[in-house]
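Colleague: build the 3D model from these lines:
(4 chains)
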Number of protein chains: 2
Amino acid sequence: MSKIEPSWDYYRTFLMVLKEGSLSGAARELGLTQPTVGRHVDAMEEMLGFPLFTRSPQGLLPTDAARALQPYAETLAATSAALLRAASGQQDTVSGTVRISASEVIGIEVLPPILAELHAQYPDLTVELSASDAIEDILRQEADIAVRMAVPAQDALVALHIGAVPLGFHAHRRYLDRRGIPETLADLSRHSLIGYDRETAAIRAIIARTPELPEVRFAFKADSNLAQLAAIRAGFGIGICQNALAARDPDILPVLAAGFAMKLETWLVMHENLKTAPRCRVVFDALASGLRTYIRQP
Amino acid sequence: MSKIEPSWDYYRTFLMVLKEGSLSGAARELGLTQPTVGRHVDAMEEMLGFPLFTRSPQGLLPTDAARALQPYAETLAATSAALLRAASGQQDTVSGTVRISASEVIGIEVLPPILAELHAQYPDLTVELSASDAIEDILRQEADIAVRMAVPAQDALVALHIGAVPLGFHAHRRYLDRRGIPETLADLSRHSLIGYDRETAAIRAIIARTPELPEVRFAFKADSNLAQLAAIRAGFGIGICQNALAARDPDILPVLAAGFAMKLETWLVMHENLKTAPRCRVVFDALASGLRTYIRQP
DNA sequence: TCATGGCTATACTTTTATGTATGAGCAAGA
DNA sequence: TCTTGCTCATACATAAAAGTATAGCCATGA
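Modeller: Have a look, this model is predicted:
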């Protein structure tokens, strides 16, 4: 009856073996040695009563059972990281680590100056940035604060509506000089278009709202919006990006601005638990103000 | 830079010290010794850089910082328990442990026969029952399957609408013989009423929907609906309970059945991850069918 | 007042877990 | 073919964590 619960450290080792695919690799990551990692896996297998990996000289291959347990181990890892972040901000001063999740474009083009100013004000603050759009992140505490383009239907979350980020077609002046300026949406079919690789839910919504959009064949495909932005800047063709980002470069010109308008509703999201944490409050307020300024610029 | 992450076992020990309020108590619960538990706490304090407890000969008092970290430690504990349950069902047969969360009344009055029949069919299945109404339970994986009286606004959850459980005023025949049968809602003010101790969201909703309800003073107050049911059965007075439960006892009679009808919409909820787990499927289906039968009876 | 039973803290011993060193297997490339 | 580089497994030595025993503190109750 008095079965001793196994060490929680086994789960950490197990997760790293899954990620690395080998005992040696996991040992390197964890700062342990290969025999130790092997012993952890052995102990875990013995206590569970079934094998987690099939061993081979090339590494360890996870069994179905191991894959079924992986999400739990990942939650453990995320939670323990969140605990350490929470602990880092327990001093009465604004200090510690705050992990922010945002889309690539926002995280790279918009947030850095906001965060730089914030950090100048609070030098003890460490900021982690994670490029991701998954709402689950914040529920699973993989991030403390998130910039999201969807309403979080979550009771446990604090959500602040920032406003709508306007989007539009844009191209580099160099490209337009060479290929001409399209006048109607239909003209787009004669242009080099920059677009998505896989359809996401957000993209399907835009397509549904814009029936005038011609059937297009993209000349440049990338799931990364950041890569699409880079392609626009490089004069590859016409693509969609945030108006405010395009406006920063006088050589990037809006195209079909009158006939086509889109916007991304934006929210700032935080776990309710963190409302009272000073380090999170400060970052939340700075992001709210910074993002609103970003949205309001012409 | 190469700061070693602390042992995750420290968090387990830390949580138990919080719960027990003493090193010795935590040691007893964990199957460790008091010096070991003390060392874990010391190590954790040293790595965090601030104290977690103020020591005294009477025990350990948590600091504010420790209380702030408690929810994270609890998530860790819940997740590791969920991992072990998931592992328990990894055999190809229907086996292992399933943890069910339901209200006290449902869990004690309705579920046992359903689960008994299920267990007769699958003897290798272990069922854990947790009396709780918090939706978070299932999100935080503190339970595998939950019976809930609210729509779960959660993407990651599978929810099956069971139907509406009819509620009504009831009293024991003995009480009604002695005090008479109320004819209108207003008559209730002359009766001994059994009711809630604190207003919950569900209760406020009912009050808002029923403006005819007189201002009442309860003669018996309990937050536990189970205790209220027991008071009704004991002939203490008039209270609200599920019609189907009252109908089981011929001496419990409905009161004001015509003028007052309420119902609790009921859902069966499961984490999406567990959809494919055989042990959870089986329990989910059995609960769905059993609860629907329960609701349909007159 | 003094014993009892709860608690923590410390010194010491033992057990456990980890690291080190090495061997064997397999794949890729000279 | 034979190295090189990667893997896991094993035997042995060491370091780290656990347990044991005990002392001290502070309540409570006879």
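Colleague: what's the spacing between the residue in the stretch 151-298 of chain A positioned nearest to DNA strand C and residue B:90?
Modeller: At 27.2 Å from DNA strand C, residue A:273 is the closest residue in the stretch 151-298 of chain A, using Cβ to the nearest atom of the strand. Quick note: C-beta positions are derived from backbone N, CA and C, even for glycine. According to Cβ to Cβ, to the nearest Å, residue A:273 and residue B:90 sit 32 Å apart.
Colleague: these two: who's more crowded?
Modeller: Under the criterion of other Cβ atoms under 10 Å in any protein chain shown, the comparison of residue A:273 against residue B:90 puts residue B:90 first, with 21 against 18.
Colleague: how about the nearest residue to the residue of the stretch 151-298 of chain A closest to DNA strand C, chain neighbours excluded?
Modeller: residue B:71 (6.2 Å; Cβ to Cβ, 6 or more residues apart in numbering or on different chains).
Colleague: tell me the buried residues in the helix or strand encompassing the one you found?
Modeller: Assessed by DSSP states H and E, residue B:71 sits inside helix B:64-88. Of the residues in helix B:64-88, B:65-66, B:68-69, B:71-88 count as buried by neighbour count, 16 or more other Cβ atoms under 10 Å in any protein chain shown.
Colleague: who are the packing partners of the helix or strand following that helix?
Modeller: On the C-terminal side of helix B:64-88, the closest following helix or strand by DSSP H and E is strand B:96-102. Contact here means 3 or more Cβ pairs under 8 Å, 6 or more residues apart in numbering or on different chains; DSSP states H and E; on that basis strand B:96-102 packs against helix B:64-88, helix B:111-121, strand B:125-131, strand B:145-148, helix B:278-296.
Colleague: could you export these as a markdown table, including mean pLDDT and distance to DNA strand C?
Modeller: Formatted as a markdown table, those follow (pLDDT from 0 to 100; distance: least, Cβ to the nearest atom of the strand, whole Å):
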| stretch | mean pLDDT | distance to DNA strand C |
| --- | --- | --- |
| helix B:64-88 | 94 | 13 |
| helix B:111-121 | 88 | 35 |
| strand B:125-131 | 84 | 27 |
| strand B:145-148 | 91 | 34 |
| helix B:278-296 | 93 | 30 |
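Colleague: what residues does residue A:296 make contact with?
Modeller: residue A:163 (Cβ atoms under 8 Å, 6 or more residues apart in numbering or on different chains).
Colleague: report how many residues lie close to the residue in the stretch 51-200 of chain A that DNA strand C sits nearest to.
Modeller: Closest contact between the stretch 51-200 of chain A and DNA strand C, by Cβ to the nearest atom of the strand, is at residue A:57 (4.0 Å). Neighbourhood size, residue A:57 [other Cβ under 10 Å]: 4.
Colleague: relative to residue A:26, how far out is it?
Modeller: The gap separating residue A:57 from residue A:26 is 16 Å, by Cβ to Cβ.
Colleague: isn't the residue nearest to residue A:273 right next to residue A:272, touching?
Modeller: No: counting by Cβ atoms under 8 Å, residue B:71 stays clear of residue A:272, with 10.7 Å between them.
Colleague: where does the prediction get shaky in the stretch 151-298 of chain A?
Modeller: Residues of the stretch 151-298 of chain A meeting the criterion pLDDT under 70: A:153, A:155, A:197-216, A:298.
Colleague: quick one: the helices in it, in order.
Modeller: A:173-179, A:201-209, A:225-233, A:243-246, A:278-296 (DSSP state H, counting those that start in this stretch).
Colleague: can you list the residues that contact the shortest one?
Modeller: In this case it means helix A:243-246. A:105, A:109-110, A:165-168, A:170, A:229, A:232, A:252-254, A:294-295, A:297.
Colleague: next: the first one.
Modeller: Under the contact criterion Cβ under 8 Å, 6+ apart, helix A:173-179 has outside partners A:191-192, A:235-238, A:251-253, A:255.
Colleague: from the residues you listed, which single one is nearest residue B:45?
Modeller: Comparing the contacts of helix A:173-179 against residue B:45 with Cβ to Cβ places residue A:252 closest, at 54.2 Å.
Colleague: list the beta-bridge partners for that closest one.
Modeller: residue A:172 (DSSP bridges).
Colleague: circling back to that earlier point, distance between the helix holding residue B:71 and the chain's centre?
Modeller: Distance of helix B:64-88 from the chain centroid (Cα atoms, centre = their mean, to the nearest Å) equals 18 Å.
Colleague: right, and residue A:21 touches residue A:54 too?
Modeller: No: using Cβ under 8 Å, residue A:21 makes no contact with residue A:54, being 11.8 Å away.
Colleague: of those two, who's got more company?
Modeller: Set residue A:21 next to residue A:54 and count neighbours by other Cβ under 10 Å: residue A:21 wins out with 15 against 11.
Colleague: might one say that residue A:78 is in contact with residue A:143?
Modeller: No: contact criterion Cβ under 8 Å: residue A:78 and residue A:143 do not qualify, at 9.2 Å.
Colleague: burial of residue A:167, as a residue count?
Modeller: 19.
Colleague: could you find the closest non-adjacent residue to it?
Modeller: Using Cβ to Cβ, 6+ apart and skipping the chain neighbours, the partner closest in space to residue A:167 is residue A:262 (4.2 Å).
Colleague: neighbours around that neighbour, how many?
Modeller: If you count neighbours by other Cβ under 10 Å, residue A:262 ends up with 17.
Colleague: same deal with residue A:56?
Modeller: Using other Cβ under 10 Å, residue A:56 is surrounded by 9 other residues.
Colleague: who are the contact partners of residue A:258?
Modeller: Going by Cβ under 8 Å, 6+ apart, the list of residues near residue A:258 is empty.
Colleague: residue A:92 too?
Modeller: Residue A:92 makes contact with residue A:278, according to Cβ under 8 Å, 6+ apart.
Colleague: what's the distance between it and residue B:65?
Modeller: From residue A:92 to residue B:65 the distance is 10 Å (Cβ to Cβ).
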